[in-house]
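Asker: When you get a sec, could you give me coordinates for this:
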Amino acid sequence: MRYFKKIAGDQCYLSPINLEDSDLYTEWLNDLQVTQNLTLSSKNITLHGERVLLEELSKGHNYAIVDSRDDTLIGNCGIMNWDQTHRTGEVGIFIGPKESRGRGIGTEALRLLCGYAFDYMNMGSLFLRVFEFNEAGIRCYEKVGFKRSGLLRDSFIMRGRAYDTILMDCLPSDLIRN
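Answerer: Coordinates of the predicted model:
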């Protein structure tokens, strides 16, 4: 696949989404180890559905996360629910391959995305939602500068158990850039 270094870091870079990656995204988004931390674990993701979604996502501020070592796709991140009037947006991220998790690439990718949002999109505040059991995600978000700002109690049910959804936000002054 061909990728373009829109926003570059040391370990990874963010590239516009390549629609030809729909097979790989479909594989990842049907893997319960990937989707249990997203809201997709109860959904079946079809190849056709993923192609349609990627086409829609490619029109916004959503990016492929590409490993700088070998230019391979390892995930996706983006800004959703962008409110230009109030300069807010919700961020989301996932890393697909198990071997790419725990290396700090997600942290770097999120820093790159947030820096771009604050510096070039004139965003004033970014927020995200994370399930209480996603400890690795919470650590990543805190390393970037996100702060806990709210809680939705018992808002996510998986395997018969209710979990809280933690709300976190980041202002330009909170962003840890290194």
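
Asker: Run through who's touching the lowest-mean-pLDDT helix or strand in the chain.
Answerer: Between all helices and strands in the chain, the lowest mean by mean pLDDT, DSSP states H and E belongs to helix 32-35, at a mean of 87. Helix 32-35 is touched from outside by 28-29, 41, 43, 94-96, 98, with contacts defined as C-beta atoms under 8 Å, 6 or more residues apart in numbering. The C-beta positions use only the backbone N, C-alpha and C, and glycine is treated the same way.

Asker: what residues are up against the residue nearest in space to the middle of the chain?
Answerer: Taking C-alpha atoms, centre = their mean, the centroid of the chain lies closest to Ile93, which sits 1.0 Å from it. Applying C-beta under 8 Å, 6+ apart, we find Ile93 in contact with 65, 75-78, 106, 109-110, 113.

Asker: Just the ones in helices from those residues, please.
Answerer: Among these, the members found in helices (DSSP state H) are 106, 109-110, 113.

Asker: Glu132: which of those residues is nearest?
Answerer: Among these, Gly106 lies closest to Glu132 (C-beta to C-beta), at 18.2 Å.

Asker: and the closest one, how far is that from Ser68?
Answerer: Using C-beta to C-beta, to the nearest Å, Gly106 is found at 14 Å from Ser68.

Asker: Compare the two and say which is more crowded by neighbours.
Answerer: More neighbours surround Gly106 than the other of Gly106 and Ser68, with 26 against 15 (other C-beta atoms under 10 Å).
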